[in-house]
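In: Any chance you could fold what I've pasted below:
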Amino acid sequence: MGEHHPSHEHSELDATELRVRALQTILTEKGYIEPAALDAIVETYQTRIGPRNGARVVAKAWADPAYLDWLLRDASAAIASLGYTGRQGEHMVALPNTEQVHNLVVCTLCSCYPWPVLGLPPVWYKSAPYRSRVVRDPRGVLAEFGVTLPPGQEIRVWDSTAEVRYLVIPLRPPGTEGLTEEELAELVTRDSMIGTGLPRTPEP
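Out: Numbering: from 1, shown residues only. Below is the predicted model of the structure:
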């Protein structure tokens, strides 16, 4: 989002993040950890390992109507059936995108995020500009992510809380009818499960 991806200021860090930052500084100074290696591990979990869980949930929902129905009725149980449970994912709600409605998730108070299915929250998700602007101008924020929706498609913004986390179920891309669940999962991006992106299209 360009200027809306600021680096963390101390005012943006909660108490836990401040403790983590202090511990990381101490361990780095003592030579116990290499910051670059730690950053690589975090990046891998944030963009690859964590979101793969959610991608498998979405792929199964695309491929299995019965599972999709269960997911929409009781997302927590449906997601847990695939083995994805834990802190920050106890109370899940699935938000299906349609041709008429595009769902977008934010946490305006802090950075509540469904860790079991999406991994670590990206920096921009926790930033004050995203948290404030997405409520006032969701279409403009989406445009900054490179997502342009039809003018008639409604955008619904959902505010995560300590009690409820959301998982967007993006529209299944056309031309994917013959793909397996594993192949479908490769098309699902982290941002598409937040609502700030769209799934990949399959290779010709």
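
In: for the chain, what spans make up the helices?
Out: 15-29, 35-44, 50-63, 65-73, 75-80, 115-118, 123-126, 128-136, 138-144, 181-185, 190-194 (DSSP state H).

In: Switch those helices over to CSV; also include distance to Leu109.
Out: From N, CA and C alone the C-beta is placed, and that goes for glycine too. Putting the helices of the chain into CSV (distance: least, CB to CB, whole Å) gives the following:
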stretch, distance to Leu109
helix 15-29, 14
helix 35-44, 23
helix 50-63, 22
helix 65-73, 26
helix 75-80, 21
helix 115-118, 17
helix 123-126, 11
helix 128-136, 8
helix 138-144, 18
helix 181-185, 31
helix 190-194, 17
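
In: mind giving me CSV with those and columns for mean pLDDT, distance to Val93 and mean neighbour count?
Out: As requested, those are exported to CSV (pLDDT from 0 to 100; distance: least, CB to CB, whole Å; neighbours: other CB atoms under 10 Å):
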stretch, mean pLDDT, distance to Val93, mean neighbour count
helix 15-29, 70, 24, 11
helix 35-44, 65, 27, 11
helix 50-63, 95, 13, 23
helix 65-73, 98, 9, 15
helix 75-80, 96, 5, 19
helix 115-118, 90, 12, 24
helix 123-126, 92, 17, 19
helix 128-136, 95, 18, 17
helix 138-144, 97, 18, 17
helix 181-185, 97, 21, 16
helix 190-194, 97, 13, 24
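
In: can you tell me how far the residue located most distally from the centre of the chain sits from Gln24?
Out: Within the chain, the residue lying farthest from the chain centre (CA atoms, centre = their mean) is Lys30, at 34.4 Å. From Lys30 over to Gln24 the distance is 11 Å, taken as CB to CB, to the nearest Å.

In: Could you do Ser160 as well?
Out: From Ser160 to Gln24 the distance is 26 Å (CB to CB).

In: That's all I had, so thanks and see you.
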